[in-house]
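1. Got a sequence here, can you model it:
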Amino acid sequence: MSSYRWPLALAVVVALGALLYLLQPILSPFVLGALIAYLGDPLVDRLEDKGVGRTLGVAIVFLLFSAIVAVALVFALPMLLVQLDALIGKIPQIYNWFIGEAVPWLQQRLDLPARKLPPVDWTGQLADNWQSVGRFTAQSLKKITGSGASMLLGLANLALVPVVAFYLMRDWNRLMKKALALFPLAWQETTVELASEADEVVGAFLRGQFLVMCALGVIYATGLWLVGLQLAMLLGVIAGLASIVPYLGFMVGIVASFIAAYAQFQDWTVLLWVGLVFAIGQAVESMLLTPVLVGDRIGLHPVAVIFALMAGGQIAGFVGVVLALPVAAVIMVFLRHAMYHYRSSDLYGGD
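-> Down below sits the predicted model:
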């Protein structure tokens with residue numbers, strides 16, 4: 001029967017992949033709930049080691065996560081909407097600066113033919129599309145509430161996330177033991193080793209990189225606020241989110257901040273202060289945040305991160321994006337062991 005293990009395991013993996021693909025439209029609350037449970041399980045384990053009951057520990061961690069989300073929604077979200085509204089209002093000013101100063105300067109320095117970009121009636125464009133975040137939000141709510149079934153389905157999916165997260169967090173260790181018991185006895189020891197290494201890699205990324213992203217967002221937003229940028233929080237959030245790919249947050253954030261700073265102040269010296277903010281953030285990330293919170297355990301090249309995110313989105317939409325990096329990290333662990341066995345084999349080193 002041992003000769004049938006690998007074909008059977010491969011068939012199970014293919015069947016699970018096909019099932020996930022077919023069920024993708026309904027998986028969002030379960031994937032998000034599992035992600036929250038995975039992030040919270042180490043905290044619950046620590047509370048349990050200190051004598052707190054499992055259910056009570058889950059309730060404490062769950063309330064902590066809920067408080068963080070509530071604070072973000074109450075304080076950060078309105079500020080982000082206001083700054084996004086201000087950004088939309090600055091689009092005409094930024095475009096006029098681009099065609100009036102940036103393009104002629106580039107044409108002169110690069111000896112390009114002097115061709116002008118067409119002027120755009122931004123007043124009409126913005127009025128026809130979304131003149132403000134308030135109007136855009138109202139239109140979106142109107143579309144959502146226009147279909148009672150769609151609204152109820154969205155609310156049901158949203159309500160399922162905390163329910164799934166609570167029960168998975170409470171029963172996480174027991175579910176992992178039951179999942180391990182499904183493997184053949186001859187594979188269980190190796191499975192535990194591979195799962196532990198994969199858990200270390202995925203945990204380093206999901207927990208460590210998430211904390212790095214949040215810390216960078218706070219650093220950039222605070223620094224740009226001290227410089228005086230009106231869009232400081234919005235730019236900090238964008239740069240922090242883009243930091244999921246190494247160095248991408250720095251590049252996206254500093255370019256966007258340069259444009260916003262010059263459009264607001266019309267003074268080149270302000271760009272020096274903006275550059276200083278991002279230089280400090282990059283130094284803190286490379287010397288403190290990444291070594292302490294993430295380390296070198298991920299092993300994913302930045303190009304692999306970009307490819308995984310794009311491939312996950314193409315295959316399974318939002319669910320694919322959420323699962324892309326954990327799955328890529330696990331695949332890297334298995335490929336690392338496969339390469340080790342390959343280089344130790346006669347196929348690689350024999351005559």
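2. C-alpha from now on. contacts and neighbour counts both.
-> Fine.
3. Give me the number of neighbouring residues for the closest residue in space to Ala37 that isn't next to it in sequence.
-> Spatial nearest neighbour of Ala37, chain neighbours left out: Met169 (4.5 Å); criterion: CA to CA, 6 or more residues apart in numbering. Neighbour count of Met169, defined by other CA atoms under 10 Å: 30.
4. Do I have it right that Met169 meets Asp45?
-> No. Checked against CA atoms under 8 Å, the pair Met169 and Asp45 is beyond contact range at 10.0 Å.
5. Let me see the contact set for the residue nearest to Ala37.
-> 37-38, 40-41, 44, 58 (CA atoms under 8 Å, 6 or more residues apart in numbering).
6. Among those residues, the buried ones, what's the PyMOL command?
-> In PyMOL syntax, the buried subset of the contacts of Met169 is picked out as below (16 or more other CA atoms under 10 Å):
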select buried, resi 37+38+40+41+44+58
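7. so which of the contacts of Met169 would you say is closest to Met332?
-> Using CA to CA, Tyr38 comes nearest to Met332 of the contacts of Met169, at 19.5 Å.
8. Distance check, that closest one against Phe205.
-> As judged by CA to CA, to the nearest Å, Tyr38 and Phe205 stand 12 Å apart.
9. low-confidence ranges in the stretch 51-200 of the chain?
-> 87-89, 112-154 (pLDDT under 70).
10. ok, which stretches of it are helices?
-> Here the stretch 51-200 of the chain has its helices, by DSSP state H, counting those that start in this stretch, at 54-71, 77-97, 103-110, 122-128, 133-146, 148-170, 172-181, 185-203.
11. do you know which of these lies nearest Ala215?
-> Per CA to CA, nearest to Ala215 of the helices of the stretch 51-200 of the chain: helix 54-71, 14.5 Å.
12. the inter-axis angle of the closest one versus helix 77-97?
-> 40 degrees (axes from the mean of the first three to the mean of the last three CA atoms, to 10 degrees).
13. Format the CA atom coordinates belonging to helix 54-71 as CSV.
-> This file holds the C-alpha atoms of helix 54-71, laid out as CSV (Å, rounded to 0.1, in the frame of the first residue of the first chain):
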residue,chain,number,x,y,z
ARG,A,54,-8.6,28.7,26.4
THR,A,55,-12.0,30.2,25.9
LEU,A,56,-11.3,33.2,28.1
GLY,A,57,-8.0,33.7,26.4
VAL,A,58,-9.7,33.7,23.0
ALA,A,59,-12.2,36.2,24.3
ILE,A,60,-9.5,38.5,25.5
VAL,A,61,-7.5,38.4,22.3
PHE,A,62,-10.7,38.7,20.3
LEU,A,63,-11.7,41.9,22.3
LEU,A,64,-8.2,43.3,21.7
PHE,A,65,-8.4,42.8,18.0
SER,A,66,-11.9,44.3,18.0
ALA,A,67,-10.7,47.3,19.9
ILE,A,68,-7.9,47.9,17.4
VAL,A,69,-10.3,47.7,14.5
ALA,A,70,-12.8,50.0,16.2
VAL,A,71,-10.2,52.6,16.9
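14. Give me the contact list for that helix.
-> By CA under 8 Å, 6+ apart, helix 54-71 touches 40, 43-45, 47-48, 166, 169-170.
15. Check stretch 270-283 too.
-> Under CA under 8 Å, 6+ apart, the answer for stretch 270-283 is 216, 219-220, 223-224, 227, 250, 253-254, 257-258, 261-262.
16. where in the stretch 201-350 of the chain is pLDDT low?
-> Looking at the stretch 201-350 of the chain by pLDDT under 70, you get 294-300.
17. how about the helices of the stretch 251-351 of the chain, start to end?
-> Using DSSP H, counting those that start in this stretch, helices in the stretch 251-351 of the chain cover 269-284, 302-343, 346-349.
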